[in-house]
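[1] The sequence isn't on hand, but the structure is:
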């Protein structure tokens, strides 16, 4: 079973007015104040380090200071992820409980693994919102097709 074909926005089908309108919208996104690279004071050490790592990269995208809360949430979740990772490394992926006489009572998965999976899901969602995944960045880029390109017809929309 195949999925739907991805439709590309082909700029040669746009009128000059539509092109100008699209460009105006793109330029308007650059008018917003860029993200500050100094992290908020309320973030912990790990989250601040992640803030400093990603904000210079995010400034290349149409992301502004309005997205500060999302970025802070991402950094906090990243910090939690790292803490859970350390806990799993220290205690192991499996946890044993014993009876008073020292015999094995129960062996179960470390609950930190379940928490780590939940945090990972949230990190992925926020990453996509902020353009931090390849798929979300691809949506920001509008392909253009050269009029002289003999393969341009392959990318035309099929109705």
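    Nice, I can see it. Not measured: the values here are computed from a predicted model.
[2] Select the longest helix from the chain.
    helix 68-91 (DSSP state H).
[3] so what does whichever helix or strand comes after it touch, helix or strand wise?
    Later in the chain than helix 68-91, the nearest helix or strand by DSSP states H and E is strand 94-98. Identification of packing neighbours for strand 94-98 by 3 or more CB pairs under 8 Å, 6 or more residues apart in numbering; DSSP states H and E yields strand 104-109. C-beta: built from backbone N, CA, C; applies to glycine.
[4] and the strand it packs on, which residues are buried?
    Neighbour counts over strand 104-109 (16 or more other CB atoms under 10 Å) mark no residue as buried.
[5] For it, give me every contacting residue.
    93-99 (CB atoms under 8 Å, 6 or more residues apart in numbering).
[6] what about 6 Å?
    94-99 (CB atoms under 6 Å, 6 or more residues apart in numbering).
[7] Poorly predicted segments of this structure, please.
    1-14, 21-32, 140-159 (pLDDT under 70).
[8] now with 90?
    Within the chain, the ranges that satisfy pLDDT under 90 run 1-37, 57-67, 95-107, 130-159.
[9] all helices of it, in order?
    Going by DSSP H, the chain shows helices at 16-29, 45-58, 68-91, 111-129, 134-140.
[10] give me phi/psi at the residue with the largest distance to the centre of the chain?
    Ranked by distance from the centre of the chain (CA atoms, centre = their mean), the top residue is residue 101, with 49.3 Å. Residue 101 adopts backbone torsions of phi -80, psi 0, taken as degrees, to the nearest 10.
[11] Alright, I will stop here.
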